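Enquirer: Based on what follows, work out the 3D shape:
(2 chains)
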Amino acid sequence: MNMTLLLPWFPIVLAVGVAGRVLGRARGMGMGFLCALFWLALVQASAGSGMWSEPWTVVASLSGSVAIVAMGGWAGQMSPGASRGPVFSADSYEPAVASAPNGDSLARFSAMIDRFDEWLDGHRDHPNPWPEFGEFIRNVLCHSCSATHVQPYRLRAEGDELVALHEPDVFTEAERLPARQGIVGHVVTTGRAYLAGDSAQGELVQSLAVEWKKPLAWCFPIQDGKQRVGAVVVGKLSLAPNRHRELLHAAEQLIGLFWNLLSNAVNTRSALEHDPVSGLFTRPMFLKTAEQSLRQSYRLGEPVAVAVVAVEGTRELGDSGRWETADELVSEVSRSLRQKVRSDDRLGRFDGSRFVLLLRRVDSELASLIIGQLMSRLGSVCGDASRWGVALRVRCGVVGSGTEQPDLRTLVSKAMLQCRRARMEDIPIANDLTPLPPNSTRAVRSTVASPVLTT
Amino acid sequence: MKVEQQRIGTVDVFTPVGTLIDQDAERFLKTLLARVRSTNPRIVVDMHEVPYMDGGALEGLLTAADEQAEGASALKLAAVTPTCREILELTGLSSHFRFFEDVQAAVKSFL
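Expert: Residues are numbered from 1 along each chain as shown, chains lettered A, B, ... in the order given. As a prediction, this is how the structure comes out:
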């Protein structure tokens, strides 16, 4: 009798398990119920109706039937793709199969968050992490949503163009899109994602998508609060949009969250590195970046000059309680300085009234000529006594690296000494060149003797 | 540092080779100024072999350009390297010179 019960039970319960995985929980249980009835009929046919007179047989039959139904439900709960593991392991990405969001999808997204945390830790101090973040987005969308041909764009400050996330501000046609036109413009303007094949979208959206000449399967905006900051365009998506809308929506939310977290990290670092009033590097950051530039220049055999610019009179502004005016002055001086330096020169605010510049590929004499130009500009900024209410003077000390190649701190110290000398001799610029005799070096004289900035 | 000198028609082309600094710059400028102060100077300085110049060289070129200007002419610089061009721009002295892509264009400008 035992064998009569057990022999058909095993294949049936296995079949229900497999069917349950395919059909889902509810249908799996239904299938289990039908199979349980079939098993009971099978048992009765082989054992005869007398089997119901034995209590233990009744108990075994009922238990077996319940087990078959339970198997259908359990297998259905595990489907589909439930046993395929998370999207990411700790060290590498693992291909995932698309599915509707369920407990496993949550685990997958949780793994994505862990992965992002790890990525952010590795890129927090990177000067420009955005290009690599673009690559990260591609990987995430590829492995979580089977999306390929992914291109993330950031919205330019002017708001009229979307550009790729890479460093040099030169973009190919494929890396720039109009931010107010076409289907991508619609997504950015309205803040609503586009998904090809999603029947819920209106005719206007469909017609815009048809007009779009490039491959487009999915496009979603990136928002910081209510403000649009970018968009992600996906060319190809191997998921049925109607079945996986919630999964894709969750991915959109996560990418947006990652974007904003990175943006906050970059802004926080920038705030720590830059003086809030002038927007220039703080002293520690100047010393750090200038040290790197100096080393590079020495390696290339380039001459380097360091200039210290002091604005005399700012303390008087501060002491008289006109702090806003003092801030405005610092802001304008720093703007003038920024306009004159090249991209690989270094500029920082050294303390309250002093700024420091590292000029590459110039010797002391050339640096003095350049600074002479700068002083003329600063003269027009600081020379208006009626605006600032105090007499301001701008002085500068310039030193060159020469053949000795001194370290940065030595150069800065020497430039400060020259700046002090300029104040003592009451001249705008003092440098480390031999004092010039009258009527020589016209160029230097003409700039060093630039208009006195007394007000 | 060596200075190559050639004559194309009535135009003298000076080609300094190497960095234009210190004594090298002085020697070159002495030669250049001698030609500037001679009769009917038509001069092109081919700068494509000058990766860098110092303040002394810049001042010498400026002197030559000013003396040329006094004779209603201009000192023409051809194929100026980016660093030298940058120096001229930053010091605000580029307006004293005329710039050409290459020697041929500079020589043609005298026609």
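
Enquirer: how far away is residue A:398 from residue A:110?
Expert: To residue A:110, residue A:398 is 58 Å away according to CB to CB, to the nearest Å. Any C-beta I mention is one placed from the backbone N, CA and C, and that applies to glycine too.

Enquirer: Name the residue in these two with the higher neighbour count.
Expert: residue A:398 (33 against 13; other CB atoms under 10 Å in any protein chain shown).

Enquirer: ok, that one touching residue A:305?
Expert: Yes - in this structure, residue A:398 is within contact of residue A:305 by CB atoms under 8 Å, at 6.0 Å.

Enquirer: shared neighbours of these two, anything?
Expert: Common neighbours of residue A:398 and residue A:305 are listed as A:364, A:367 (criterion: CB atoms under 8 Å, 6 or more residues apart in numbering or on different chains).

Enquirer: What residues does residue A:360 make contact with?
Expert: A:293, A:297, A:302, A:304, A:342, A:344, A:345.

Enquirer: Correction: the previous question concerned residue A:422.
Expert: Contact analysis of residue A:422 by CB under 8 Å, 6+ apart lists A:395, A:396, A:397, A:428, A:429, A:430.

Enquirer: ok, 6 Å please
Expert: Contacts for residue A:422 (CB atoms under 6 Å, 6 or more residues apart in numbering or on different chains) come out as A:395, A:397, A:430.

Enquirer: partner residues bridging the second one?
Expert: Think residue A:397. With DSSP bridges applied, residue A:397 shows beta-bridge pairing to residue A:308, residue A:430.

Enquirer: Now do the contacts for the residue in chain B positioned nearest to chain A.
Expert: Going by CB to the nearest CB, chain A is nearest to residue B:55 of chain B, at 2.6 Å. Residue B:55 makes contact with A:365, A:366, according to CB under 6 Å, 6+ apart.

Enquirer: Give me the nearest residue to the residue in the stretch 351-455 of chain A that chain B sits nearest to, chain neighbours excluded.
Expert: For the stretch 351-455 of chain A and chain B, the shortest gap (CB to the nearest CB) falls at residue A:365, measuring 2.6 Å. Spatial nearest neighbour of residue A:365, chain neighbours left out: residue B:55 (2.6 Å); criterion: CB to CB, 6 or more residues apart in numbering or on different chains.

Enquirer: Surely residue A:357 is within a helix?
Expert: No - under the criterion used here (DSSP: H, G, I helix; E, B strand; the rest coil), residue A:357 is strand, not part of a helix.

Enquirer: Quick check, it in contact with residue A:307.
Expert: Yes - assessed by CB atoms under 6 Å, residue A:357 is found in contact with residue A:307 at 4.6 Å.

Enquirer: quick one, which of these two is more surrounded?
Expert: residue A:307 (31 against 27).

Enquirer: per-residue confidence at the residue lying closest to residue B:48 once chain neighbours are set aside?
Expert: In this structure, residue B:48 finds its nearest non-sequential neighbour in residue B:79, 3.6 Å apart by CB to CB, 6+ apart. Looking at residue B:79, its pLDDT reads 95.

Enquirer: Return the backbone torsion pair for residue B:79.
Expert: For residue B:79, the backbone dihedrals (degrees, to the nearest 10) come out as phi 50, psi 50.

Enquirer: Show me where the chain has its strands.
Expert: Reading this off chain A. Assigned by DSSP state E, the strands in chain A fall at A:147-155, A:161-164, A:176-178, A:194-195, A:218-224, A:227-237, A:304-312, A:346-349, A:354-360, A:393-400, A:429-431.

Enquirer: oops, I was thinking of chain B
Expert: Under DSSP E, chain B gives strands at B:2-8, B:11-17, B:43-46, B:76-78, B:98-100.

Enquirer: Of those strands, which is nearest residue A:189?
Expert: Residue A:189 sits nearest to strand B:98-100 of all these, at 46.2 Å, using CB to CB.

Enquirer: how about residue B:53, what does it touch?
Expert: B:20, B:84.

Enquirer: Same check on residue A:252?
Expert: Going by CB under 6 Å, 6+ apart, residue A:252 touches A:193, A:220.

Enquirer: Quick one: the helices in chain B, in order.
Expert: For chain B, the helices defined by DSSP state H occupy B:22-36, B:55-70, B:82-90, B:103-108.

Enquirer: just the stretch 101-250 of chain A next, same as before
Expert: Counting by DSSP state H, counting those that start in this stretch, the stretch 101-250 of chain A has helices at residues A:103-123, A:130-145, A:182-190, A:203-211, A:245-273.

Enquirer: As TSV, those helices with mean pLDDT would be great.
Expert: Below are the helices of the stretch 101-250 of chain A laid out as TSV (pLDDT from 0 to 100):
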stretch	mean pLDDT
helix A:103-123	81
helix A:130-145	89
helix A:182-190	89
helix A:203-211	85
helix A:245-273	89
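
Enquirer: any chance of these in a markdown table, plus distance to residue B:67?
Expert: Shown next, in a markdown table, are the helices of the stretch 101-250 of chain A (distance: least, CB to CB, whole Å):
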| stretch | distance to residue B:67 |
| --- | --- |
| helix A:103-123 | 58 |
| helix A:130-145 | 52 |
| helix A:182-190 | 60 |
| helix A:203-211 | 65 |
| helix A:245-273 | 49 |
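
Enquirer: What number of residues are in the vicinity of residue 75?
Expert: By default, I'm working from chain A. 26.

Enquirer: The chain in question should be chain B.
Expert: 22.

Enquirer: what do you get for residue A:37?
Expert: Neighbour count for residue A:37, taken as other CB under 10 Å: 13.
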